[in-house]
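> Quick one, fold the following:
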Amino acid sequence: QVQLVESGGGLVQAGGSLRLSCAASRSIFSFMDMGWYRQAPGKQRELVASIASGGSRNYADSVKGRFTISRDNAKNPVYRNTVYLQMNSLKPEDTAVYYCNAKSVGAGSIYDYWGQGTQVTVSG
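Okay, the predicted model is just below:
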């Protein structure tokens, strides 16, 4: 069973920064893709940023230039088990619960794993 544990959320003023971490129970290179999603009250969960096992990154238009997704750079890929989301120039509209997601492929199906979420609140 895969476990994803997020940390780093909190309360920050507009213009501030936070860094979220997602620790996986196994090497992140065992997943085809890892990402961060967020869900604000009354809204659907949306993709914020993702990084594929090959290293390509994808960002929502609303966070481009402000957020950066990265991963553990331990020498041995087996020990790389953390993905980060650096969030700069935060805006009140970034307020949401942020979830870590990992996708793996097996038997022709894609499996989604989710963390428990971490609250990010940006005060205006």
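
> make it CA atoms for all contacts and neighbour counts henceforth
Fine.

> What's the per-residue pLDDT of the residue with the largest distance to the centre of the chain here?
Residue farthest from the centre of the chain, counting by CA atoms, centre = their mean, is A107 at 25.6 Å. On pLDDT, A107 comes in at 85.

> Partner strands of the longest strand along the chain, with direction?
Ranked by number of residues, the top strand in the chain under DSSP state E is strand 96-106. Its sheet considered, strand 96-106 pairs with strand 33-39 (antiparallel), strand 109-114 (antiparallel), strand 118-123 (antiparallel) by DSSP bridges.

> buried ones in stretch 51-64?
I51, A52, R57, N58, Y59, V63 (16 or more other CA atoms under 10 Å).

> for stretch 32-41, same thing?
D33, M34, G35, W36, Y37, R38, Q39, A40.

> re the thing from before, could you dump the buried residues of stretch 51-64 to a markdown table with pLDDT and secondary structure?
Listed next are the buried residues of stretch 51-64 as a markdown table, based on pLDDT from 0 to 100; DSSP: H, G, I helix; E, B strand; the rest coil:
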| residue | pLDDT | secondary structure |
| --- | --- | --- |
| I51 | 95 | strand |
| A52 | 93 | strand |
| R57 | 97 | strand |
| N58 | 97 | strand |
| Y59 | 98 | strand |
| V63 | 98 | helix |
